[in-house]
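Chemist: Got a sequence here, can you build the structure:
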Amino acid sequence: MSVPDFPTSVDLRGSLPPIQLVAGDDRPDIFVKLFDANSVDPINLADPTISVFMKFREKGNDLTLQDIAGAKLDGGFKGEIKFEWPPLALDVTAGRYEGEVYVNFAGEIQTCPTLLKFKVREDFADVV
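Modeler: Residues are numbered from 1 along each chain as shown. As a prediction, the model looks like this:
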């Protein structure tokens, strides 16, 4: 059986509403698009030495729970990245969480100033 993909797309320019998640799930995948702040053009991430990551943490806590590698879409030419949650990454308590996207340009790190916001709710209990 094929599982449908219900992507969450995020444009990292400006303030963002929280992305709704459910504790214990493995989806939705998170899609982001990175733009040059000066030209407003998408950042070309096609160079194989460039990699993109997202740190995931509980809001108000300094401890990073996950550091998730992003996959470049369409070769990275349009600045589009997909983050897939690793197994058990969302096995967290309900609450507010944050994601910090950063780019490694062949050893030079640049962090996006806009944080992703997540709101995680508890899953329904299983039927007994």
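Chemist: Now do the end-to-end distance for stretch 109-117.
Modeler: End-to-end distance for stretch 109-117: 21 Å, by CA to CA, to the nearest Å.
Chemist: Tell me where this protein has strands.
Modeler: Listed in chain order, the strands of the chain (DSSP state E) span residues 8-11, 19-22, 30-33, 50-58, 64-69, 71-72, 80-83, 95-105, 108-111, 116-121.
Chemist: Mind checking the ones you listed for the one nearest to Asp41?
Modeler: Closest to Asp41 of those is strand 30-33 (CB to CB; 11.1 Å). Placement of C-beta: from N, CA and C, glycine included.
Chemist: got the buried residues for that closest one?
Modeler: For strand 30-33, burial by neighbour count (16 or more other CB atoms under 10 Å) applies to Ile30, Phe31, Val32, Lys33.
Chemist: What of stretch 112-128?
Modeler: Buried positions in stretch 112-128, judged by neighbour count with 16+ other CB under 10 Å: Cys112, Thr114, Leu115, Leu116, Lys117, Phe118, Val120.
Chemist: per-residue confidence for the residue nearest to the first one when sequence neighbours are not counted?
Modeler: Spatial nearest neighbour of Cys112, chain neighbours left out: Val101 (4.4 Å); criterion: CB to CB, 6 or more residues apart in numbering. The predicted local distance difference test score for Val101 is 95.
Chemist: who's in contact with Val101?
Modeler: Val101 is in contact with Leu12, Val32, Leu34, Val52, Phe53, Met54, Gly70, Ile81, Thr111, Cys112, Leu116, counting by CB atoms under 8 Å, 6 or more residues apart in numbering.
Chemist: and it, what are its bridge partners?
Modeler: Met54 (DSSP bridges).
Chemist: separation between it and Asn61?
Modeler: Distance of Val101 to Asn61, given as CB to CB, to the nearest Å: 18 Å.
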